[in-house]
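Novice: 3D model of this:
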Amino acid sequence: MRRATLAIGILWAWVASAMPLQAQTGWPSKDVRIVAPFPAGAPADQIVRMIAGPLQAAWGQTVVVDNVPGAAGSVGVARVAKSPADGYTLVMSGDAAIVVNISLYKSLPYDPVKDLVPIIQIGRTPNILVVNNDVPARTLEEFAAWAKEKPGTVRFNSSGYGTSQHMGIEQFKKVAGSEVVHVPSKDQTAPEVLGGHVHASFMNITIGLPLVQAGKLRALGLSGPERAAIAGDIPTIAEQGYPGFNAVAWFGLLAPAGTPDAVVRKVHADAAKVLSTAEIREKLTQRGFQLVESNPETFSALIKSEIPRIADLLKASGIKLDQ
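Specialist: This next block holds a predicted model:
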């Protein structure tokens, strides 16, 4: 009898392992909503819309993209963090809402570590350090020296506090020893640099590169750890004498904490499969995204290491928003 029971148990375990994960979990059995916590057309929104169709085909259920912008992504992330932990509401977040805002704002309506479970980091986007053509510096070294000679007068803009562009400015101040001024933009960053209202900007590569190629702005370096495929002739800031310089926008898929591990693993596996296709990789690369290999563990480790690094950077800058 015991042998028979053991044999039956082994058989059922084998059957379960051979069954598709969807059959094991029952997920998904209805529409899946992916929140893009930025306006339509923003990088996170672009990624979601690229992968939504293939995921919908894989899951046999409608994938709804829901734009919920506000507070550098925090409004949309908070909505997902408070959603049922059943895998039917996910978020494609940027780095600001996960590793920056927790130190930038006095309080957040969610804890990015306790209230969310990482699924997969999709990729990252470097920024280009660009300067107005009237700036006398031709190289990064010359620009750092020029800025150091003019403390409190060299102006950088960004798309807002907590963005990777803002973090690039804070890192530049630290490594170059230059007291530059941060000017958050209310609208687009490019016109302010082109018009000479600010001297420089860590500009999104998809916006800055065409302006550099047209001769309207001068590129001094990339903010990421490696060169970009679409701008291979532009060196990184790190390789120009500032090792470790890293200020990129990254994006990843997360779920509410408590989401069943089997569901998390299925979403990860299916998303990774979509991202491995030549068509999706080409689309992302041409938009300046650098794909990374990621799983829930590596994504979680990234988040846990970035939070204290960014906290130290913001503490040194003295920035703390009142919200």
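
Novice: CA only for contacts and neighbour counts going forward, please
Specialist: OK.

Novice: helix/strand/coil for the residue nearest to Phe38 when sequence neighbours are not counted?
Specialist: Leaving out its chain neighbours, the residue that sits closest to Phe38 by CA to CA, 6 or more residues apart in numbering is Pro69, at 4.1 Å. Taking DSSP: H, G, I helix; E, B strand; the rest coil as the rule, one finds Pro69 in the coil state.

Novice: contacting residues around Pro69?
Specialist: Under the criterion of CA atoms under 8 Å, 6 or more residues apart in numbering, the neighbours of Pro69 are 36-39, 75-76.

Novice: buried ones among these?
Specialist: When the contacts of Pro69 are checked for burial by 16 or more other CA atoms under 10 Å, the buried set is 36-39, 75-76.

Novice: ok, those vs Asn101, which is closest?
Specialist: Lowest distance from Asn101 to the buried ones among the contacts of Pro69 (CA to CA) belongs to Val75, with 11.2 Å.

Novice: what two of the contacts of Pro69 have the greatest distance between them?
Specialist: Within these, Pro39 and Val75 form the most distant pair, 11.8 Å apart (CA to CA).

Novice: what residues do those two have in common as contacts?
Specialist: Here Pro39 and Val75 have 68-69 as joint contacts, going by CA under 8 Å, 6+ apart.

Novice: helices along the stretch 1-150 of the chain, start to end?
Specialist: For the stretch 1-150 of the chain, the helices defined by DSSP state H, counting those that start in this stretch cover 2-18, 21-25, 43-59, 74-81, 95, 101-104, 140-149.

Novice: need the least confident one among the ones you listed, by mean pLDDT.
Specialist: Set side by side, the helices of the stretch 1-150 of the chain differ in mean pLDDT, and helix 2-18 is lowest with a mean of 42.

Novice: give me the neighbour count for Leu253.
Specialist: Residues near Leu253, counting by other CA atoms under 10 Å, number 25.

Novice: now do the contacts for the nearest residue to Val248 once chain neighbours are set aside.
Specialist: Leaving aside its chain neighbours, Val248 sits nearest to Pro126 (4.7 Å; criterion: CA to CA, 6+ apart). Neighbour list for Pro126: 204-205, 222-224, 228, 247-249, 288-289 [criterion: CA under 8 Å, 6+ apart].

Novice: list only buried entries from those.
Specialist: 204-205, 222-224, 228, 247-249, 288-289.

Novice: those in strands, which ones?
Specialist: Residues of these located in strands (DSSP state E): 204, 222, 248-249.

Novice: of the residues you listed, which is the nearest to Glu149?
Specialist: Leu222 (23.0 Å).

Novice: pick the one among the buried ones among the contacts of Pro69 closest to Ile102.
Specialist: Within the buried ones among the contacts of Pro69, the smallest distance to Ile102 is 13.0 Å, found for Val75 (CA to CA).

Novice: how close does the closest one sit to Gly258?
Specialist: 20 Å (CA to CA, to the nearest Å).

Novice: picking that back up, show me the two of the ones in strands among the buried ones among the contacts of Pro126 that sit farthest apart.
Specialist: Leu222 and Ala249 (12.2 Å).

Novice: need the overlap of contacts for those two.
Specialist: 126-127.

Novice: report the contact partners of the residue nearest to Thr236 when sequence neighbours are not counted.
Specialist: Once flanking residues are discounted, Thr236 sits nearest to Leu222: 4.3 Å by CA to CA, 6+ apart. Neighbouring residues of Leu222 by CA under 8 Å, 6+ apart: 126-129, 234-237.

Novice: could I get the contacts of Pro69 as CSV with distance to Ile119?
Specialist: Listed next are the contacts of Pro69 as CSV, based on distance: CA to CA, whole Å:
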residue, distance to Ile119
Ala36, 15
Pro37, 17
Phe38, 19
Pro39, 22
Val75, 20
Gly76, 17
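
Novice: out of these, which one sits closest to Val274?
Specialist: Ala36 (18.1 Å).

Novice: what's opposite the closest one in the beta bridge?
Specialist: Counting by DSSP bridges, Ala36 is bridged to Asn67.

Novice: what's near enough to touch it?
Specialist: 44-45, 48, 65-69, 76, 91-93.

Novice: top of those by neighbour count?
Specialist: So for the contacts of Ala36 (other CA under 10 Å), the most neighbours sit at Val91, 32 neighbours.
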